[in-house]
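[1] got a predicted model here, sequence first, then my questions.
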Amino acid sequence: MAKSKVYFTPAGATNWVESMIVKAKEMFYVAELDKCIKPGDSVAIKIHCGEYNRTASLRPEYVAAIVEEVKKCGGKPFVTDTTTLTYHLYNSRFDEINIRKCAYRHGFNPNSLGAPFIVADGLKSENFQTVKTKGILSEIEVAGAIAQADAMIVVSHCKGHELSGFGGAIKNLGMGCTSQAGKLRQHRVVGLEIDTSKCIGCGKCKEVCAFDVPEIIEGKAHNR
């Protein structure tokens, strides 16, 4: 597999034309996102709107900057996120009503974005399309509005994650673009049996696992 190009831009600025908003617009064209959009295309801009009353989310100004450039290319942008599983007591994004409250509180609303905010999988995560895949899973439930979009731009913030160690664009895309059924299907594979024939006995899996799950028996990792 060919290596992907990764572009960086410094956060510092000496005047307004070096602001992060301007740089976001410049990076849009450096990454050639304009070439992915045809006039009239519906363009999903996938974000993670964060959790209610917390600050770990993108500034809406960055997303609005991308919206503006999509419009210049003739696209019809909408900003989107999906509902989540009820994985803890204070989860605020388990249905469309609550995720909208959360998104609007963080500034992801039509007035600030210049585009509608759409919950891609519907009121109770009933809107999805099952898509065939390759790998551990043979199919996955993709949120309807994302599956139906003509193009998509993934705009992510990065964070630590107990299972994967790091959450960024791949998680925002792979997990974040599915319905609750798709999320449940992906989380279930966490409990699959370890293929001991591929284990080299280094013990790294046990070292990095927050739950100390793999058990090393006779130099091989095993599920408990």
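    Done, it's in. Note that the structure is a prediction, hence the values are computed from the model and not measured.
[2] could you pull out the helices in this structure for me?
    Shown for the chain, the helices assigned by DSSP state H span residues 20-30, 60-72, 96-105, 110-113, 144-148, 169-174, 180-188, 204-208.
[3] against which helices or strands is the fifth one packed?
    For helix 144-148, the helices and strands in contact under the criterion 3 or more CB pairs under 8 Å, 6 or more residues apart in numbering; DSSP states H and E are strand 42-46, strand 76-81, strand 128-132. In short, each C-beta sits where N, CA and C put it, glycine included.
[4] for stretch 99-108, buried residues please.
    Across stretch 99-108, burial judged by 16 or more other CB atoms under 10 Å covers 99-100, 102-103, 105-108.
[5] equivalent analysis for stretch 32-51, please.
    The neighbour-count criterion (16+ other CB under 10 Å) identifies 33, 36-37, 41, 43-51 as the buried residues of stretch 32-51.
[6] closest to Ala147 out of the residues you listed?
    Here the nearest of the buried residues of stretch 32-51 to Ala147, counting by CB to CB, is Ala44; it sits at 9.4 Å.
[7] the closest one - nearest residue in space that isn't next to it in sequence?
    Spatial nearest neighbour of Ala44, excluding adjacent residues (CB to CB, 6 or more residues apart in numbering): Ala149 at 3.9 Å.
[8] most widely separated two among the buried residues of stretch 99-108?
    For those, the maximum inter-member distance is 14.2 Å, found between Ile99 and Gly107 (CB to CB).
[9] pick out the residue closest to the middle of this protein.
    Residue closest to the average C-alpha location in the chain (CA atoms, centre = their mean): Asn172, at 1.2 Å.
[10] return the distance of that one relative to His157.
    Using CB to CB, to the nearest Å, we find Asn172 at a distance of 9 Å from His157.
[11] turn the helices and strands packed on helix 144-148 into TSV, including distance to Ala65.
    Putting the helices and strands packed on helix 144-148 into TSV (distance: least, CB to CB, whole Å) gives the following:
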stretch	distance to Ala65
strand 42-46	11
strand 76-81	11
strand 128-132	29
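[12] can you list the ones you listed in TSV and add mean pLDDT?
    Shown next, in TSV, are these (pLDDT from 0 to 100):
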stretch	mean pLDDT
strand 42-46	98
strand 76-81	98
strand 128-132	96
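[13] thinking again about what came up before, the residue nearest to Ala44 against Lys46, yeah?
    No. The pair Ala149 / Lys46 is not scored as a contact, 9.3 Å apart, by CB atoms under 8 Å.
[14] what residues are up against the nearest residue to Tyr29 once chain neighbours are set aside?
    Nearest in space to Tyr29, with sequence neighbours left out and distances taken as CB to CB, 6+ apart, is Glu69 at 7.7 Å. With CB atoms under 8 Å, 6 or more residues apart in numbering as the criterion, the residues that contact Glu69 are 25, 28-29, 33-34.
[15] and of those residues, the nearest to Leu85?
    Taking CB to CB as the measure, Leu33 is the one of the contacts of Glu69 closest to Leu85, at 30.6 Å.
[16] these two touch, right, that closest one and Met152?
    No. Because the distance of 10.2 Å does not satisfy CB under 8 Å, Leu33 is recorded as not touching Met152.
[17] contacting residues around Ile153?
    Residues counted as contacts of Ile153 (CB under 8 Å, 6+ apart) are 33, 43-46, 66, 70.
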